[in-house]
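S.K.: Give me a model of this one.
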Amino acid sequence: MPPIALNRRRFLGCSAAAGLALTQGRVAEASAAAESTVVRLGVVGLGTRGTTLLRTLLELPGVKVAAVCDAEPKHRLRGQGVVEKAVGERPEGLERIDQILDRSDIDALVVALPCDRHAEVALASLQQEKHLYAEKPLALTLDECDRLIEASSKASEITLHVGYQRRSNPRYREGVERVQRGEIGSLISGSAAWVSSNGPMNGHGDWLAQRRRSGDWMVEQAVHVWDVFHWLTGAAPVRAFGRGRRDLFSKIQPARDVTDHYSVQLEWADGFHVSFLHSWIAPADHRFTGVTQQVMGSEGGLDFSTGALTFRDRSRPRQILHPGAQADTKAALETFVSAIRTSQGGDSAAPIRLGDAREATITGLLVRKAVDEARIVTREEIVRTTGQPA
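M.R.: Just a heads-up that it's a prediction; the model follows:
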């Protein structure tokens, strides 16, 4: 067992405001106790995202990075150097995940590995009773998601948080609450884009270029978008239609099989609908590139990328929610560490419930199939083919 015992934590639904207030309270409580309660962590996977998580953890009070783990020697050395420079003490560098799981002096893992490793590592962490912060998606298949949820339900003292950091972003949290409160009227439509000129994106060992490892962009990256629309509406899309291209970088990477440009339309049971564009081959011009997400209702609209809340009634001034960059990764990790310190077991303290993380994976699989087959695909098809309950 980890040195810090936790109570069971099960799917708790609450408003964004209440969730944020609870989170802030727990973070404050944890900070006050930080000097006497050190959380000892192991960081697994020290690529770009893993190094960002490592640097952020080193900003938190009362956190000790006891070990770093990566199969690549240069990544381990980089991770050890980052920690030593920050705190003056060099953590142990480990090559294999089992070496860090066997450490009885480590309370929790923070993991940023390719998507095909997510389910395997999360299940091993639960079995070894290590608290876990894992990058999204929860898993690449519905079967893996359900196995993880079942395993978490049996590991009643273990915290499992999934890294959907927009759930910890103050702008998104307040924005979702105000939309759900009806400030922009009944929801009509949404739009989003994730467009870059930096393709082809490959990842270490080209894992981002391989669908079997990443799940493709709809599952690896766009799950952030699917989750926000699910969060806003409280429901999952029932059907999708899309088209895309998987040959755009074939001259330089013949084995590449991910969809580097696609667009999709999603529809909900009540008529709410969303358009989304995802591309890595845009011109290097800000007029073509960027990450945006908007929702429009009968009385106004909200642009999550800027925080602009605008009303049809022109006598009501536009409001800007939490302007500027938001340190949502830090907020998400603070919530994870404070959940350990304050014995918030299960997922009651998590920004996103495991069931909601499962829904993001389902929508990613829905979009992928719709784009692959260039036809309308229903959520029921995705769920039915797995034999799992909806």
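
S.K.: Could you report the distance from the nearest residue to His273 once chain neighbours are set aside to Arg239?
M.R.: In space, not counting the residues next to it along the chain, His273 is nearest to Glu267; the distance is 4.8 Å by Cβ to Cβ, 6 or more residues apart in numbering. Every residue, glycine included, has its C-beta placed from N, CA and C. Distance of Glu267 to Arg239, given as Cβ to Cβ, to the nearest Å: 5 Å.

S.K.: low-confidence ranges in the stretch 51-200 of the chain?
M.R.: Low-confidence regions of the stretch 51-200 of the chain, defined here as pLDDT under 70, do not occur.

S.K.: From the centroid of this protein, which residue is nearest?
M.R.: Taking Cα atoms, centre = their mean as the criterion, Tyr164 is the residue nearest the geometric centre of the chain, at 2.5 Å.

S.K.: mind listing the strands for the stretch 151-300 of the chain?
M.R.: Counting by DSSP state E, counting those that start in this stretch, the segments of the stretch 151-300 of the chain that form strands are 160-163, 187-195, 239-245, 261-267, 273-279, 290-297, 300-303.

S.K.: What are the phi and psi values at Glu89?
M.R.: Geometry field for Glu89 lists phi and psi as phi -140, psi 130, criterion degrees, to the nearest 10.

S.K.: shouldn't it be in contact with Gln80?
M.R.: No: taking Cβ atoms under 8 Å as the definition, Glu89 is not a contact partner of Gln80, at 10.1 Å.

S.K.: returning to that earlier point: can you report how many residues lie near the residue nearest to His273?
M.R.: A count of neighbours around Glu267, defined by other Cβ atoms under 10 Å, yields 16.

S.K.: swap in Pro73?
M.R.: Counted by other Cβ under 10 Å, the residues lying close to Pro73 total 10.

S.K.: so how far is whichever strand or helix holds Ala66 off the chain centroid?
M.R.: Following DSSP states H and E, the helix or strand that holds Ala66 is strand 63-69. What separates the centre of strand 63-69 from the centre of its chain is 22 Å, taken as Cα atoms, centre = their mean, to the nearest Å.

S.K.: mind exporting that strand as PDB, just the C-alpha atoms?
M.R.: Only the C-alpha atoms of strand 63-69 are listed here, as PDB (Å, rounded to 0.1, in the frame of the first residue of the first chain):
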ATOM      1  CA  VAL A  63       6.000  17.100  -3.800                       C
ATOM      2  CA  LYS A  64       9.200  15.000  -4.200                       C
ATOM      3  CA  VAL A  65      10.100  13.400  -7.500                       C
ATOM      4  CA  ALA A  66      11.800  10.300  -6.300                       C
ATOM      5  CA  ALA A  67      12.300   8.600  -9.600                       C
ATOM      6  CA  VAL A  68      12.000   9.100 -13.300                       C
ATOM      7  CA  CYS A  69      11.300   6.300 -15.800                       C
END
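
S.K.: Give me the next element, helix or strand, following it.
M.R.: Past strand 63-69, the next helix or strand by DSSP H and E is helix 73-87.

S.K.: Show me what that following helix is packed up against.
M.R.: helix 48-57, strand 63-69, strand 92-94 (3 or more Cβ pairs under 8 Å, 6 or more residues apart in numbering; DSSP states H and E).

S.K.: can you tell me which residues contact His230?
M.R.: 236, 356, 359-360, 363 (Cβ atoms under 8 Å, 6 or more residues apart in numbering).

S.K.: List the buried residues of the longest helix along the chain.
M.R.: Taking DSSP state H as the criterion, the chain has its longest helix at helix 354-373. By neighbour count, and taking 16 or more other Cβ atoms under 10 Å as the criterion, the buried residues in helix 354-373 are 354, 356-372.

S.K.: That helix: what's the following helix or strand?
M.R.: With secondary structure assigned by DSSP H and E, helix 354-373 is succeeded by strand 377-378.

S.K.: what angle do the helix or strand following that following strand and strand 239-245 make?
M.R.: Using DSSP H and E, the helix or strand that directly follows strand 377-378 along the chain is helix 379-386. Relative orientation of helix 379-386 and strand 239-245, computed by axes from the mean of the first three to the mean of the last three Cα atoms, to 10 degrees: 80 degrees.

S.K.: Contacts for helix 379-386, please.
M.R.: Helix 379-386 is contacted from outside by 141-143, 236-239, 362-363, 365-366, 369, 389-390, using Cβ under 8 Å, 6+ apart.

S.K.: Over to stretch 272-291?
M.R.: Stretch 272-291 is contacted by residues 187-201, 217-218, 221-222, 225, 229, 233, 237, 248-249, 259-267, 305, 367 when judged by Cβ under 8 Å, 6+ apart.

S.K.: could you flag which of these are buried?
M.R.: Of all the contacts of stretch 272-291 considered here, the ones buried according to neighbour count by 16+ other Cβ under 10 Å are 187, 190-196, 200-201, 217-218, 221-222, 225, 229, 233, 237, 248-249, 259-262, 264-267, 367.

S.K.: For Cys69, name its beta-bridge partners.
M.R.: Val44, Leu94 (DSSP bridges).

S.K.: Please work out how many residues are found near it.
M.R.: By other Cβ under 10 Å, 28 other residues sit near Cys69.

S.K.: Let me know whether it touches Arg76 as I believe.
M.R.: Yes: taking Cβ under 8 Å as the contact criterion, Cys69 and Arg76 are neighbours in contact, 7.4 Å apart.
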